[in-house]
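1. Sequence first, predicted model second:
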Amino acid sequence: MMFGACAVAVAAPAYAQDVSYDIPAGDLASSLDTYGRQAGREVLYRVEDVRGARSSGVRGRMSPDAALRALLMGTGFTFDRDGSGAVAIIPIRGTSSTAAADDGSGAPIVVTGSRIRGAPVAAPVISIDQTEMRNAGQTDLGQVIRSIPQNHVGGQNPGIGSGGEQLGTGDFNGTSQINLRGLGPAATLTLLNGRRLSYGGASQGVDISAIPLAAVERIQIVADGSSALYGSDAVAGVANVILKRDLDELVVTARAGGATDGGHRRYQASATLGETWSSGGLMIAGDFDHWSKITAEQRSYTSGMNPSATIYPNSKRWGGLASLHQRVGDAATVGIDGLYSNRTSTITVPYLSEGDFTIAGAQTDRRAESFLVSPNVELDLGGSWTVSLGGSYGEDKALSDATAFDSGTAYYWNTIRYDNDTSVVEAGAEGPVYSLPAGSVRLAIGAGYRSIGLTRSILTNGAETGAGSWSRGSYYGYGEVFFPLVSPGLEISGVDRLSLNLAVRYEDVESAGTVATPKVGLIYAPIPDITLAATWGRSFKAPTLFDQFQGYYTTVRSTAFFGGQNIPEGATALFVGGGNENLKPERSTNRVLALTLEPQFWEGARFEISHFDIDYTDRIAAPLTDLSSALTNFADASFIVWNPSGQEISQYIDGGYLFDNAVPGPFDPSNIVVVVDNRFQNVARQRVNGIDIAAGYGLDIGPNDVIAASVSASAVRLRRQLNPNDPFTTLSGTLFNPPKWRGRAGVTYTGERLTVSTYANYTGPLEDVRPASTIDGLDSQLTFDLTAQFRPGLPLGLEFEVAAINILSAKPQNIYVSHYTATPFDSANYPAIGRFITFAVTSRW
C-alpha cells in the first residue's frame, strides 16, 4: 500500500502478547505516536488524513490489535497490517458508521450523525469520497445521489416526466434533489459542511448538484431520522457534503462525452486551486457544465410521441465555490464558505403528434440561481472544550417562463418565479464533562435561530395572477451526551465496547407550534469482530410556506360532480381547495437496528445489515382522493359540511383569493347545500420499513496494487394512507415509486499507473396498478458501468479517463399512456440517456 506524505511512529519489534496501555484522549496523531511506542509497533499514517481527528484514548492491558481498534473507535479510520507487523492507518471507505471529527483547520465541525467530536454513530452512515466518485465515472453530485440504493430518483431531477402520468413527480428547473426512502425531497435535509442551504422552488428541496464536484472531499448520508440533531426536514435522513481542506495544488479537468443513441452531448470544465500556510488555507473551485437535450425521435421507445418533444432537457450551469480558514492567535479560528450556481435549461412540448411546437405547443425556459455564505468562529477554551459561533445566509431563485404557440404565433405567456431565502445563526459548545473508566463523557449543547422566506410571482400574459410573500422564524436549542460505558481496556467478558448516545432538540416554529424531538443511540460490541447498534428517535418537518400560506380558492359546482344522490334539483356544492394556515408539523418515529461484522481472520472485510422503520404521520395532503364520490364515501365525511349557514358560506368565499361559479346561471348562495373542504390537512400517513445491506473488501495484490470490492442494496416497503379512514396503499414496487429492491456492486483495481472500475446497478420490477393500464408492469433492469483512469507519469501530472455508463445500453420499457404528449416510460426509475461515454483529461500541479 502506497503512502505519500506520512508520519511513521517507529518502535521496537512488536509481538502478539498483551501490553498495558495508558493513552489519554486527544489528538489522533499524538495518540498513534504514543500507541507505537507502548505497543512496540511501526505505525504509518498520512498526516493530512488524520489532521484534527481525535481519539477517545485507551487504558488497560490487552493485545496490540485490540488496543488499536479501541484507539480508532469513532475516528473514521481503521488499520491494515503487513507481514512485518507494521500497521497502516486508513480511512474507512463506503460503509462507514462513524462520525467525522473536526479537521482542526478552522472549518466548522464536520460531523454527520453526531455533534460530538469523534463519537461513533449508531445509525449506518453512507460515505462516498471523491476518489470513489471518479472511479464510478460520476461527474456531478446529482449522478452520485441517483446511484445510491437508498435514494429514489423520483421528485425533482433532470428528465423526470412532468405529465399527469408521472403522479406528482416532475422536473421544474433541471436541478437534482436527494429523496431518501422516496418520502420526498423536502423530507431529507441537505447540508454543506454541516450548514443548511436555501430551499429551491415551492417544495423545499435543495439542489445538491449546485456544489462543484471538484471541491468535494466526500458526501456522508445518514438514512435515519435526525431532527434531534439538525431540526426540521431530517425525517428520512440527512446528507452532508464535506468540502476539501488543506489543498496545495491546482487541478484542472476537461471532459467531453455523449449518449451513443443520440443527444445529451456533454462538455465540462473545472478548476480547483488550493493554498495552505502555517495557520490556515484557501480553496477556490469553479466549474462549467453543458449538455444538450434528448428528443423523442432519438429514442425507439418514444416513437409514439411527437419527434421534437423533449424527453431529457438541455442544461447549462456554471458556478464557483471558495473556502477559507485562518487561525487567529492560539485559541481562535475563523472560516467562511461561499457558493454560487447558475443554471439554465429549456424544454419543448408539442401539442400535436407531428410538427414543430411552434405550430401548436409550448416552450419553457427555466433558470435556477443560488448562493450561500457561511461564516464561522471557533474558540479553544482548553481542557478539550470548544465554543463555536456560526451562521449562513443563502438564496435560491427558480424561474419557469412558458410560451404557448398556435400556427407559429405566440399567444400565451406564463412566468412562475419562486425566490427562497434562508438565514441561520447558531452558537454551540462541545467537550468532556466527566471521566469514566472507558473514556470521557462528552456533551454538546447549542441554540440558534433560523428564518426562511418565500416570494412567489406569477405573470399571465403580463398580468400578476398569483403574487405572495411569506416568511417564518424558529428558535431552537439542542443537547447531546455521549457515554462510553465499556472499552476494550476494561477486559469485561462478553463486552468489548458499549456506548450510549442521548440527544434532544426543542424548536419553537412560528405559526406551526413547538416540537421536541429526542433520539437514543446504543452501540454494543460483544467481541471486536461484531458490533450491534440500535437507534430510536422522533423527527419532524414544518409545513412548507407554500402549503401553509398560498391561500385557498372556492368553486361552486353541482352536487352530482361530487357524487351527490337524492338531492333536490338545482342544489349546489361549494368546493374549497388550496393552502391552510392551520397546518402543523409533520412528525415521524424512526427506528434502526444494525449489525456490523469486521472479522479479524479476514482483514479488510466489512459487512453491515440494518433494518429501518419510519412511521411518518400528520403528512400534509389534500384529504379527498376521489372527488366523484366525496358525498357518498363515509371516509370523507369529516371534510364535508352539510347545510352550511349563509354566514359560513360568506366566510369561506371571502377568505379565499379566488372564486369561480362553475354552474349555469348567476351565483345564488342559497342553493349551496354542502361544502366540500379539500384544503391541505395533516391527514396522511406513510409507513416505510426495510433492510439495507452493505459490504466492502480491500486486498493488496502487489506492492502498488489494490483491489477493492463493494456491495450496497436496499429493500423497501413503502405504504401510504391518504385519509385516517382509508386503508393503506402499497407504493413501493409500483410505477413512479421506489422499487422494492435496488442495489449496486462494484470492483476497482488500483495500480501505480492505472485504475479500472466496473459497477453493476439493479432496479427491481415494478407493477402498473393504474386502472386504465393495459400492461401488468415492468421487468427488473440491470445496467453496467466501466471506467478506466491512466496516469502515465507525464509532465504537469496529466491523467486520462474514459467512462462508459450503462455500457450495454439497457433501455426503459414502455408503459401505457393516455395521450401522445405523456412520457411513455417510467422516468422516475429509468433514465432516457442510455449508453453514455465520456473522455476526460486532468492536470495537477
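-> Structure's in. What do you need?

2. Tell me where the stretch 51-200 of the chain has helices.
-> 64-72, 130-135, 141-146 (DSSP state H, counting those that start in this stretch).

3. how about the ones you listed in JSON lines, adding distance to residue 457, mean neighbour count and mean pLDDT?
-> No exception for glycine: its C-beta is placed from N, CA and C like everyone else's. JSON lines is the format used below for these (distance: least, Cβ to Cβ, whole Å; neighbours: other Cβ atoms under 10 Å; pLDDT from 0 to 100):
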{"stretch": "helix 64-72", "distance to residue 457": "54", "mean neighbour count": "24", "mean pLDDT": "82"}
{"stretch": "helix 130-135", "distance to residue 457": "37", "mean neighbour count": "20", "mean pLDDT": "94"}
{"stretch": "helix 141-146", "distance to residue 457": "27", "mean neighbour count": "22", "mean pLDDT": "96"}
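
4. Among those helices, which comes closest to residue 839?
-> Comparing those against residue 839 with Cβ to Cβ, the closest turns out to be helix 130-135 (13.8 Å).

5. all helices for the stretch 401-550 of the chain, in order.
-> 545-549.

6. for the helices of the stretch 51-200 of the chain, which one sits closest to residue 561?
-> Judging the helices of the stretch 51-200 of the chain by Cβ to Cβ, what sits closest to residue 561 is helix 141-146, at 41.0 Å.

7. contact partners of the closest one?
-> Outside helix 141-146, the residues within contact range by Cβ atoms under 8 Å, 6 or more residues apart in numbering are 128, 133, 136, 138, 151, 153, 157-158, 175-176, 178, 208-209, 211, 213, 216, 219, 239, 241.

8. Filter those residues down to just the ones in strands.
-> Per DSSP state E, strands hold the following members of the contacts of helix 141-146: 128, 216, 219, 239, 241.

9. If I look at residue 52, what pLDDT would I see?
-> If you check residue 52, the pLDDT there is 66.

10. Out of the ones in strands among the contacts of helix 141-146, the closest to residue 558 would be?
-> Among the ones in strands among the contacts of helix 141-146, and counting by Cβ to Cβ, the member closest to residue 558 is residue 239, at 48.4 Å.

11. I'd say that closest one and residue 189 touch.
-> Yes: in this structure, residue 239 is within contact of residue 189 by Cβ atoms under 8 Å, at 7.2 Å.

12. and the helices of the stretch 51-200 of the chain as a markdown table, adding distance to residue 196?
-> Below are these laid out as a markdown table (distance: least, Cβ to Cβ, whole Å):
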| stretch | distance to residue 196 |
| --- | --- |
| helix 64-72 | 31 |
| helix 130-135 | 23 |
| helix 141-146 | 16 |
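
13. Low-confidence regions, the chain specifically.
-> Across the chain, the ranges flagged by pLDDT under 70 are 1-17, 47-48, 51-52, 74, 81-85, 92-111, 162-170.

14. Show me the domain layout of it.
-> 6-91, 125-543+583-622+681-844, 552-581+623-679 (automatic domain parsing).

15. Of those, which is nearest residue 116?
-> Here domain 125-543+583-622+681-844 is closest among the domains of the chain (Cβ to Cβ), at 4.8 Å.

16. how about the nearest residue to residue 644 once chain neighbours are set aside, secondary structure?
-> Among residues not flanking residue 644 along the chain, residue 675 sits closest, at 5.1 Å (Cβ to Cβ, 6 or more residues apart in numbering). Following DSSP: H, G, I helix; E, B strand; the rest coil, the label given to residue 675 is strand.

17. bridging residues for residue 675?
-> Counting by DSSP bridges, residue 675 forms beta bridges with residue 574, residue 641.

18. Touching, it and residue 572? I think so.
-> No: Residue 675 lies out of contact with residue 572 (Cβ under 8 Å); the separation is 10.6 Å.

19. out of those two, which sits in the busier spot?
-> Legend: neighbour count by other Cβ atoms under 10 Å for residue 675 and residue 572, higher for residue 572 (25 against 19).
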